[in-house]
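1. what shape does this take:
(one chain, ligands or ions: 1)
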Amino acid sequence: MYPTKIKINESIFLSPLEMEDAERIVFCLNDIQVSQWMAEVPYPYFIEDAKAFILRGTNQENSTEVVFAIRNNENELVGVVRFIDILEQKARINYWIANPYWGKGIMAEVIKKVCDFGIQELMLSRIYGHVLVENLRAARVLEKCGFTCEGMFKKSVKKNEKFFDCKLYALVVEKIN
Ligand SMILES: CC(C)(COP(=O)(O)OP(=O)(O)OC[C@H]1O[C@@H](n2cnc3c(N)ncnc32)[C@H](O)[C@@H]1OP(=O)(O)O)[C@@H](O)C(=O)NCCC(=O)NCCS
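-> Presented below is the predicted three-dimensional model:
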C-alpha cells in the first residue's frame, strides 16, 4: 500500500525511510531553526533518536504510522513527512524540511501530494495537524493545502518543560458517509 516513490517536482521526491538516513536526520534536526517548532523532537538530537524513529516508521506491523523521506536529486534526505495516529480514517500530519529548502513552495507541494495519497490509498477522511501559534510558516503551508483552522488550544503542547498554545488545522473530505 506504500508507493516506493512519489514525484514532487523535478528535484524533489518522496520515498520510504531507510536506516541509512539516520545521520542525515540527526544533522537536520540538530538545527534549532527546525527543531524549535517540533514538539516531539528532542534537542540535541542523537543518532539513537534517529534510529528509533526510523525503526518505528518502517515497522510494517505499525499500521498507525506512514512515514516518507523527502529527498533531493542526489537521493539525500532533506525532510520528513508522516501520518501518525492513523485510526478510523483519521490521521495527524507531521512534517519538516531542512532550512536551506525553506520558502521555495516545496512543503506545500509535498503536503498536497501526501494528502492525496492518504485520502486515496489510506482512505483517510480527516487529516489534522497541530501547529504552535507562533509558527506562522507552518500554519500558512497548511492553509495553502486547503486545511482550515478549527481552534486554538491553550498551553496544550509541552516542550523543554514549557507549555505552548497551539492551533488545530484540519482537512476534511466532505464526500464521506
Ligand atoms: C514549516 C515548513 C515545513 C515550511 O516549509 P516550506 O517549504 O518553506 O513551505 P512553503 O515554501 O511551501 O510555504 C511557506 C509559506 O509561509 C510563508 N511564510 C514564510 N515566513 C512567514 C512568516 N514569518 N509569517 C507568515 N508566513 C510566512 C511563505 O511566504 C509561504 O507562503 P506563500 O507561498 O503564500 O508566500 C518549514 O519551514 C519547516 O520545516 N519548519 C520547521 C519545522 C516545522 O515547523 N514543522 C511543522 C510543525 S507543525
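
2. so the closest residue to Leu124 other than its chain neighbours, which state does it fall into?
-> Using Cβ to Cβ, 6 or more residues apart in numbering and skipping the chain neighbours, the partner closest in space to Leu124 is Gly118 (4.3 Å). Backbone N, C-alpha and C define where each C-beta goes, glycine included. Reducing the assignment at Gly118 to three states with DSSP: H, G, I helix; E, B strand; the rest coil gives helix.

3. state the distance from Gly118 to Val81.
-> Computed as Cβ to Cβ, to the nearest Å, the Gly118 to Val81 distance reads 10 Å.

4. mind listing the shared neighbours of those two?
-> Shared contacts of Gly118 and Val81 (Cβ atoms under 8 Å, 6 or more residues apart in numbering): Ile93.

5. run through the chain and note the low-pLDDT ranges.
-> Counting by pLDDT under 70, the chain shows low-confidence ranges at 1-3, 175-177.

6. show me which residues of it sit near the ligand.
-> Counting by Cβ under 6 Å from any ligand atom, the residues of the chain close to the ligand are 34, 37-38, 95-97, 102-108, 129, 131, 135-138, 140-141, 144.

7. what is the burial count for the residue nearest to Leu124?
-> Gly118 is flanked by 23 other residues according to other Cβ atoms under 10 Å.

8. with Lys159 instead?
-> Using other Cβ under 10 Å as the criterion, Lys159 is surrounded by 17 other residues.

9. and it, its phi and psi?
-> phi -140, psi 130 (degrees, to the nearest 10).

10. shouldn't it be in contact with Ala39?
-> Yes - in terms of Cβ atoms under 8 Å, Lys159 counts as a neighbour of Ala39; the distance is 5.1 Å.

11. residues in contact with stretch 116-127?
-> Contacting residues not belonging to stretch 116-127 are listed as 1, 3, 6, 66, 83, 86, 89-93, 115, 147, 170-173, 176 [Cβ under 8 Å, 6+ apart].

12. run the last query once more with 6 Å
-> Applying Cβ atoms under 6 Å, 6 or more residues apart in numbering, the contact partners of stretch 116-127 are Met1, Phe83, Gln89, Lys90, Ala91, Ile93, Cys115, Leu171, Val172, Val173, Ile176.
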